[in-house]
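predicted structure and sequence below. I'll ask about it afterward.
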Amino acid sequence: MRIGVTGHRVAPKLPEAALARVAEVVGNVLDKIEAAACPVAAENQSVFALRPDGAAACETVVVSSLAEGADQIVAEEAVRRGFTLDAVLPFEADEYAKDFDGAAAERFERLQAKARAVFALDGRREKVHRAYQAAGLLMLANADILIAVWNERAGEEGGTADIVSRAVAEGIPIVLINPADDVISPTVVWAGLEDMPPAAARIEDLTHCDLSALDEVVSAVLSPPAEGETGGTPIRIEEYLRERERIGWRMLPYALFRWVYPTFVSLVRLRLPGRAAFLADPFVAKTEQDWTSCRASGPQTVGPLKEAIDTDLLVAHAFADRLAVRYALRYRGAFVSAYLLAAAASALALVGVFGISPVTKAWLVGIELVLIIAILLLVRTGKSSKWHEKWLAYRRLAELVRPIRVLAYLGASGPLGRPGIGDRPAGFVLWYARAVRRMLPFPSAVVDASYLRKVCAATIDCELAEQLGYNEGTATTMHKVAHRLHTVGWVLFISTGIVGTFYLAVFGWHSHADSLDLFKEHGLAYWTKYLSTFLMALLPTVGAALAAINAHAEFEAIGERSHETAEALGRIRERIEGEAEAMASLALLSDRVERAVDAMQSDLTEWHALSRTRPLALPA
């Protein structure tokens, strides 16, 4: 659980006489938040990590700028309780220390030393309010709940009132502590507690609840969804975690089945399928290999964040990504197989036109029935096992988790949104992505020119180069496959016309030369009749099957979308490369990175909307 803090510094907004009362109330609030959070972990041990002694692991993190007054009070009370402390400073520490003197300076040094991570931003004294605002907004981006020590009056840009307004707008729960009250009674304010909050809610529009509401708030923020709607079918977080545990013994059937779709695509492109089509790579090892350049190019000295990216984040992405590949190949292989088997069944039925013996006919009918049963079992298994839904869910999860490896260097959370109460359940995907992001600490670093260049390099080498290569390759492959299938369809239908024309020519010749009875002799006319019947039925059937595969797979649409995404990412990469040596600020770099992430998420959203309309179904 991550707790942010904003509040007044010193008198008159935070009177000296109120400091002890505020500290007592803050301690009580922290105790209640922890008391509400730990039972959530205990009640959901199937999805949360456990301590070595088997008890539920419950870690509470306070994110503070360590400013004199409210920030230092909350940080001190948190450290006293054994909470983890992450510090976000508006300036480099030595410069920021000029804000303090006396006891406040001593507290700043002591708290800074106790912090797990200290992220010093690149604020400037000549724009001091913007610097404080930047630190406050970064704190908000990494807070699940906000403690605001505020007198509920308007203030300057970057001040407490500004940060509270932003928190309300972003849907962050707020514990409001008014130091001006003679008897301080903290209240809980959150749009998620309202039945229908205003679209642009202000704090005065929302109900102020007492601290008993913290149980509901904390549970809503931390608890995994019981079930969510993904493609219309509920997928539980426990189901995903079981998939992770059962990788070992389920790899063999996966390896046997995964070849269908890549082999089909390779053959359409007139190529032999590669070795990868028949082998299933170990999930984590494959991801470690893919992330090699990314891990080498990013900032190396960022404290615990580096280890968390290389372990927790990498493993989370590895399973989401490779499980998405597994179910994509199962789903795609299933519908390709179904259409081709249906065409094969038609071919077997058509063999009967050649006047075969009843025994041979019985064998053919038996084989055709086997193919029909195989199609039915394949579709039924795919639907009951939710191959399509799992593919969409795990792919979305992987694409939400992967960019965090760069966003974390900026202290950004990306497009993960905020949980709410009463909304349509969104499934485990967003919840799990938020949970993974919550695990990562701030970078312990000073944002200077060197740091910005390293993050630029990580952005280019990790996200942009990798995703550009993927989208460009996908666009080329999908366009070629769509074009080839379209061409083959034309060839098959033109061939049908040629066969029909040939038959009419033979028919005309025989009717003119002899009689209309083409069974009279076992020569050209005899075989022309049966062969033309066979081919004129089979060729359009095969053409229809290939057209159905083309339409179901959306090769052309996927290729076009990948091309557009590659163009957008290419423009962003050029801009970042041009600015890398003289990147102006963390804010500008964050904007560039978030534009790239938004482009990829837009592509993901369009793909998801398109793909969810193509469930696995009988080829009938």
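That came through, no problem.

next helix or strand past the strand or helix carrying S266?
Element membership for S266, per DSSP states H and E: helix 260-268. Using DSSP H and E, the next helix or strand after helix 260-268 towards the C-terminus is helix 283-290.

check the offset of that following helix from the chain's centre.
Per CA atoms, centre = their mean, to the nearest Å, the displacement of helix 283-290 from the mean C-alpha position of its chain is 18 Å.

CA atoms of that helix as PDB?
As requested, C-alpha coordinates have been extracted for helix 283-290 and formatted as PDB (Å, rounded to 0.1, in the frame of the first residue of the first chain):
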ATOM      1  CA  PHE A 283       9.400 -18.300 -20.400                       C
ATOM      2  CA  VAL A 284      11.800 -16.400 -18.100                       C
ATOM      3  CA  ALA A 285      14.900 -17.400 -20.100                       C
ATOM      4  CA  LYS A 286      13.400 -16.100 -23.300                       C
ATOM      5  CA  THR A 287      12.400 -12.800 -21.700                       C
ATOM      6  CA  GLU A 288      15.800 -12.400 -20.200                       C
ATOM      7  CA  GLN A 289      17.300 -12.800 -23.700                       C
ATOM      8  CA  ASP A 290      14.800 -10.300 -25.200                       C
END
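
what's the mean pLDDT across that helix?
For helix 283-290, the mean pLDDT works out to 87.

touching the helix or strand following it from outside, list them.
Using DSSP H and E, the helix or strand that follows helix 283-290 towards the C-terminus is helix 292-297. Helix 292-297 has contacts (CB atoms under 8 Å, 6 or more residues apart in numbering) with I309, D310, R405, K454, A457, A458, I460, D461, C462, A465, E466. For every residue, glycine as well, the C-beta is placed using N, CA and C.

what about the closest residue to L492 other than its chain neighbours, how many neighbours?
Of all residues not flanking L492 in the chain, G543 sits nearest, at 3.8 Å (CB to CB, 6 or more residues apart in numbering). The number of residues packed near G543 is 21, by other CB atoms under 10 Å.

same check, this time on T287
If we define neighbours as other CB under 10 Å, then T287 has 21 of them.

SS state for the nearest residue to it once chain neighbours are set aside?
The shortest distance from T287 to any non-neighbouring residue, by CB to CB, 6+ apart, is to A318 (3.7 Å). Under DSSP: H, G, I helix; E, B strand; the rest coil, A318 falls in the helix class.

quick one: contacts of stretch 101-114?
Stretch 101-114 is contacted from outside by 64, 66, 68, 72, 75-76, 79, 85, 87, 93, 96-97, 100, 118, using CB under 8 Å, 6+ apart.

no no, stretch 305-316
With CB under 8 Å, 6+ apart, stretch 305-316 has contacts from 117, 284, 287-288, 291, 295, 298-300, 401, 404-405, 408-409, 432, 436, 439-444.

point out where the stretch 101-250 of the chain drops to low pLDDT.
Along the stretch 101-250 of the chain, the model assigns pLDDT under 70 to residues 158, 227-234, 246-250.

quick one: the strands in the stretch 401-550 of the chain?
Taking DSSP state E, counting those that start in this stretch to define them, one finds strands in the stretch 401-550 of the chain at 445-446.

tell me the secondary structure for T6?
Secondary structure state of T6, per three-state DSSP, is strand.

residues contacting the closest residue to it other than its chain neighbours?
In space, and not counting its chain neighbours, T6 is closest to I163: 4.3 Å by CB to CB, 6+ apart. Neighbouring residues of I163 by CB under 8 Å, 6+ apart: T6, Q133, G136, L137, M139, L140, L146, A148.

out of those, flag the one nearest to I367.
L140 (65.4 Å; CB to CB).

okay, and that closest one sits in which element?
helix 128-141.

now the element after that helix, going C-ward?
Next along the chain from helix 128-141, counting by DSSP H and E, comes strand 145-149.

ok, back up a step: show me the contacts of stretch 101-114 that map onto helices.
Among these, the members found in helices (DSSP state H) are Q72, A75, E76, V79, A93, Y96.

surely the fifth one and F119 touch.
No: with contacts defined as CB atoms under 8 Å, A93 does not count as touching F119, sitting 10.5 Å away.

about what we covered before: list buried residues within the contacts of stretch 305-316.
Buried residues within the contacts of stretch 305-316, counting neighbours by 16 or more other CB atoms under 10 Å: 117, 284, 287, 291, 295, 298-299, 401, 404-405, 408-409, 432, 436, 440-444.

tell me what angle whatever helix or strand L392 lives in forms with helix 283-290.
For L392, the host element (DSSP H and E) is helix 387-401. Helix 387-401 runs at 40 degrees relative to helix 283-290, counting by axes from the mean of the first three to the mean of the last three CA atoms, to 10 degrees.

three-state assignment of the residue nearest to T6?
Applying three-state DSSP: I163 is helix.

ok, it to T60 distance?
Relative to T60, I163 is positioned 21 Å away (CB to CB, to the nearest Å).

tell me the buried residues in the helix holding S266?
Going by neighbour count (16+ other CB under 10 Å), the buried part of helix 260-268 is V260, Y261, P262, T263, F264, V265, S266, V268.

out of these, who's nearest G497?
Using CB to CB, V268 comes nearest to G497 of those, at 22.9 Å.

about what we covered before: which one (most neighbours) among the contacts of I163?
Highest neighbour count within the contacts of I163, by other CB under 10 Å: T6, with 30 neighbours.

so that one is in contact with T160, correct?
Yes: contact between T6 and T160 holds when scored by CB under 8 Å: they sit 5.2 Å apart.

list residues touching both of the two?
When contacts are counted by CB under 8 Å, 6+ apart, T6 and T160 have A70, A148, V149, W150 as shared neighbours.

any idea which of the residues you listed is closest to A199?
Using CB to CB, these come closest to A199 at A148, 22.2 Å.

show me the contacts for that closest one.
Counted by CB under 8 Å, 6+ apart, A148 has contacts V5, T6, G7, T160, I163, V164, A167, I174, V175, L176, I177.

6 Å instead?
T6, V164, I174, L176 (CB atoms under 6 Å, 6 or more residues apart in numbering).

related to what we said a few turns ago, a markdown table for the shared contacts of T6 and T160, including distance to L314?
Shown next, in a markdown table, are these (distance: CB to CB, whole Å):
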| residue | distance to L314 |
| --- | --- |
| A70 | 37 |
| A148 | 36 |
| V149 | 38 |
| W150 | 40 |
